[in-house]
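Peer 1: Got a predicted model here, sequence first, then my questions.
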Amino acid sequence: MAKKQSKSSSRDEEKLFAVLCYLLSIIGVLLVLVTKKDRGNLSIYHAKQGLVFFIAWVIASIIGTIFLWIPVIGQIIGSLLWIGILVLMVIGIVNSINNKMIPLPLIGQYGDKFNF
């Protein structure tokens with residue numbers, strides 16, 4: 001019984017760290033990397049996806065800021081970028097909660113390029 005409970009506890013901890021990679025962005029990724037030896041494949045995978053997500057978020061922020069100077073169209077483009085980032089975050093969180101290692105749409109394939 002204790003082994004089963006311990007296994008369930010470690011699985012829940014993996015899910016928690018995987019979710020933190022999206023919620024806390026770069027800080028969540030760093031938490032996983034600092035405790036890497038204690039982490040399993042799920043949290044490492046989502047740390048890579050979280051790092052790609054963070055980079056996409058920074059790029060979307062820069063593009064959104066640039067487009068804000070254009071009346072109306074800039075606000076629409078900025079809003080669409082933020083909605084896209086929010087959708088990617090939700091997809092990543094849902095995948096990590098469901099123990100799935102599915103790459104994020106459009107940007108997830110770049111996560112496999114990281115080797116840590």
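Peer 2: Ah, there it is.
Peer 1: can you pull out the helices in the chain?
Peer 2: Shown for the chain, the helices assigned by DSSP state H span residues 2-23, 26-34, 41-67, 73-97.
Peer 1: For those, which has the smallest mean pLDDT value?
Peer 2: Mean pLDDT per stretch puts helix 2-23 lowest among the helices of the chain, at a mean of 80.
Peer 1: contacts for that helix?
Peer 2: Residues outside helix 2-23 that contact it (Cβ atoms under 8 Å, 6 or more residues apart in numbering) are 27-29, 31-32, 35, 39-40, 42-43, 45-47, 49-51, 53, 89, 92-93, 96-97, 99. For glycine as for every other residue, the C-beta is placed from the backbone atoms N, C-alpha and C.
Peer 1: And the residue nearest the centre of this protein?
Peer 2: In the chain, the centroid-proximal residue (Cα atoms, centre = their mean) is G50; its distance is 2.9 Å.
Peer 1: Any idea how many residues pack against the closest residue to that residue other than its chain neighbours?
Peer 2: Closest residue to G50 apart from its sequence neighbours, by Cβ to Cβ, 6 or more residues apart in numbering: C21 at 3.0 Å. Neighbour count for C21, taken as other Cβ atoms under 10 Å: 30.
Peer 1: now do W82
Peer 2: 14.
Peer 1: separation between it and H46?
Peer 2: From W82 over to H46 the distance is 22 Å, taken as Cβ to Cβ, to the nearest Å.
Peer 1: For S43, list the residues it contacts.
Peer 2: With contact set as Cβ under 8 Å, 6+ apart, S43 has these partners: E14, F17, A18, C21, V32.
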